[in-house]
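Enquirer: Structure of the sequence below:
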Amino acid sequence: MKPFYLILVAVTIVIAGLPAFAQKAVKPGKAPITVHDVFPDFPAVKLGTTYKAAKAVLVKRGLVDAAFKGTPDQLVWDGTFGGVKGRATMFFKPEIGAWEIAIVLFAMDQQSAVAKRLVKKVEVRHGPAGEVVDDEDATSNVWRFGKSLALEIRRPKDIDQPIVDIHWVEL
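Expert: Below you'll find the model as predicted:
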């Protein structure tokens, strides 16, 4: 039960804090990096996908929805993302479909290396993060793409949370 609790804490903190510090936009020109650019084996879903369509893709791939039953506002599944075990969550709103894709990677003793690898992958395409928050709780790198999309890579500093989370959020 403890890993599930950690995931909820990490996702809740990110959702609550992202709009507050994601203020600087990246340079225009390149299309925003997508979940498929970072994790090529991610299921064929994206921001804006409806709950029903996303659920059908997961079922077709044999992935099991681990969300609480009867919650049509999110899909949750366990898998391997970029070679690291983790848990993906998609959050939905009826009028817009998926508005957030969050992946929590159980990086364990590779936490720092996994976070650096993800940051570098985004930096190659978009340059340094527009905002870096490094406080006693976590280090977060945030790229903002215009006024409607942000990407965050977050690494908690608590040794009991050896995770890295990455989020695409429609603002």
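
Enquirer: Now do the helices in the protein.
Expert: Counting by DSSP state H, the chain has helices at residues 2-21, 35-38, 51-60, 111-126.

Enquirer: Find the residue ranges of the protein scoring beneath the pLDDT cut-off.
Expert: Across the chain, residues meeting the criterion (pLDDT under 70) sit at 1-29.

Enquirer: what ranges do the strands span in it?
Expert: All strands of the chain, identified by DSSP state E, fall at 74-81, 84-93, 97-105, 131-134, 138-145, 149-156, 164-170.

Enquirer: can I get the ones you listed in a markdown table with distance to T49 and mean neighbour count?
Expert: Where you see a C-beta, it was placed from the backbone N, CA and C, and this is true even at glycine. A markdown table is the format used below for the strands of the chain (distance: least, C-beta to C-beta, whole Å; neighbours: other C-beta atoms under 10 Å):
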| stretch | distance to T49 | mean neighbour count |
| --- | --- | --- |
| strand 74-81 | 10 | 18 |
| strand 84-93 | 8 | 20 |
| strand 97-105 | 5 | 23 |
| strand 131-134 | 27 | 14 |
| strand 138-145 | 18 | 22 |
| strand 149-156 | 15 | 23 |
| strand 164-170 | 12 | 24 |
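
Enquirer: CSV please, covering those strands and showing distance to K121.
Expert: As requested, the strands of the chain are exported to CSV (distance: least, C-beta to C-beta, whole Å):
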stretch, distance to K121
strand 74-81, 12
strand 84-93, 13
strand 97-105, 13
strand 131-134, 16
strand 138-145, 11
strand 149-156, 9
strand 164-170, 10
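
Enquirer: so which of those strands comes closest to E123?
Expert: strand 138-145 (8.6 Å; C-beta to C-beta).

Enquirer: That closest one vs strand 164-170, what angle?
Expert: Using axes from the mean of the first three to the mean of the last three C-alpha atoms, to 10 degrees, one finds that strand 138-145 and strand 164-170 are set 30 degrees apart in direction.

Enquirer: Export only the CA atoms of strand 138-145, formatted as PDB.
Expert: Extracted C-alpha coordinates of strand 138-145, given in PDB (Å, rounded to 0.1, in the frame of the first residue of the first chain):
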ATOM      1  CA  ALA A 138      12.000  18.400  -4.600                       C
ATOM      2  CA  THR A 139      13.700  19.600  -7.800                       C
ATOM      3  CA  SER A 140      11.300  20.500 -10.600                       C
ATOM      4  CA  ASN A 141      12.100  21.500 -14.200                       C
ATOM      5  CA  VAL A 142       9.100  23.100 -16.000                       C
ATOM      6  CA  TRP A 143       8.700  23.900 -19.700                       C
ATOM      7  CA  ARG A 144       5.700  25.900 -20.700                       C
ATOM      8  CA  PHE A 145       4.400  25.800 -24.200                       C
END
